[in-house]
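Asks: predicted model follows, preceded by the sequence.
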Amino acid sequence: MMQGILICSLGFLSFAVIATIYRLIKGPSAPDRIQALDALGINLISGVAIFSVLLRNTGFFEVILLIGILSFIGTIAFARYLERGVVIERNHSE
Amino acid sequence: MHDILKGVWSLSVITQSEYIAVLLILIGTIFSFLSAVGLIRLPDIYTRSHALSKGSTMGVLFTLIGTFLFFMLEGFFSIRLFLGIFFVFLTAPVAAHVIVRAAYRSQVPLAKVSVQDDLKKVMMESDGMKRME
């Protein structure tokens, strides 16, 4: 019963991932694609969490934390690149 | 896969209260599913961000809290998972905000059906000020 619920929620989640990949490929502008990548990272986090319950293994929690941090940093870097054309700004005025 | 799951689950006793955690996980994935429907159906990036940032954040929070509760009922308090929940809760809205700001500043057009754009006037005024200087 419990495994059934968990596998059903994995099914919902895989639909969400397929929808994000559709938006990632089709998205008319670059910010659409960045948004889809961000959503993909977030869905991946919940997928790993469900697998850790399904396998009853606590070793996946580091993966959750790492994917969260890396996806956030990647999103910020991409958005900054789109906005200003550079990722790291240096102070040239001095 | 099924044999592995059977082996894993036969080791421990399932208590009634663990169903609450699993139900939380199911609710969270339903939220993710609905936000994915919004991601497909809505017309432009601003409305999609509205569906995605709220729905996805809510979904991943429910899922992670369900996982946290599941392992806490088994007697395993994980500070790493708690940190993960905190971090995702903190960063997902910030990331959505930064993406939409970048989109507006790189002139991604609004959908044809949208009726009002208050930011446009302000942005044009500040551009004019820069040119005056």
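Replies: Right, received. Where do you want to start? Numbers count the residues shown, from 1 in each chain, chains lettered A, B, ... in the order given.
Asks: hey, let's count contacts and neighbours off CA atoms from now on
Replies: Noted.
Asks: what about A:E62, neighbour count?
Replies: 14 (other Cα atoms under 10 Å in any protein chain shown).
Asks: verify the contact between it and B:F82 for me.
Replies: No: the criterion here is Cα atoms under 8 Å, and A:E62 misses it with B:F82 at 11.0 Å.
Asks: do the helix or strand containing A:V48 and chain B meet at all?
Replies: Assigned by DSSP states H and E, A:V48 belongs to helix A:30-54. Yes: Helix A:30-54 comes into contact with chain B (Cα under 8 Å from any Cα of the partner chain), by way of A:31-32, A:34-35, A:38-39, A:42-43, A:45-46, A:49-50, A:52-54.
Asks: now for that helix, which elements pack on it?
Replies: helix A:2-26, helix A:61-84, helix B:18-41, helix B:45-73, helix B:79-105 (3 or more Cα pairs under 8 Å, 6 or more residues apart in numbering or on different chains; DSSP states H and E).
Asks: what mean pLDDT does that helix have?
Replies: Per-region confidence: helix A:30-54 scores 91 on mean pLDDT.
Asks: and the angle for that helix with helix B:18-41?
Replies: Per axes from the mean of the first three to the mean of the last three Cα atoms, to 10 degrees, the angle that helix A:30-54 makes with helix B:18-41 is 160 degrees.
Asks: now do stretch B:122-133, average pLDDT.
Replies: Mean predicted confidence for stretch B:122-133 is 73.
Asks: stretch A:58-72 now?
Replies: Mean predicted confidence for stretch A:58-72 is 90.
Asks: show me which residues of it are buried.
Replies: Within stretch A:58-72, the residues scored as buried using 16 or more other Cα atoms under 10 Å in any protein chain shown are A:60-61, A:63-65, A:67-69, A:71-72.
Asks: geometrically speaking, which residue is the centre of chain A?
Replies: A:G41 (0.9 Å; Cα atoms, centre = their mean).
Asks: distance of it from A:A16?
Replies: 12 Å (Cα to Cα, to the nearest Å).
Asks: for A:Q35, same thing?
Replies: Counting by Cα to Cα, the gap from A:Q35 to A:A16 is 14 Å.
Asks: dump the residue contacts of the residue lying closest to A:Q35 once chain neighbours are set aside.
Replies: Nearest in space to A:Q35, with sequence neighbours left out and distances taken as Cα to Cα, 6 or more residues apart in numbering or on different chains, is B:I99 at 6.8 Å. Each residue near B:I99 by Cα atoms under 8 Å, 6 or more residues apart in numbering or on different chains is listed here: A:31, A:34-35, A:75-76, A:79.
Asks: buried ones among those?
Replies: Applying 16+ other Cα under 10 Å to the contacts of B:I99 flags A:31, A:34-35, A:75-76, A:79 as buried.
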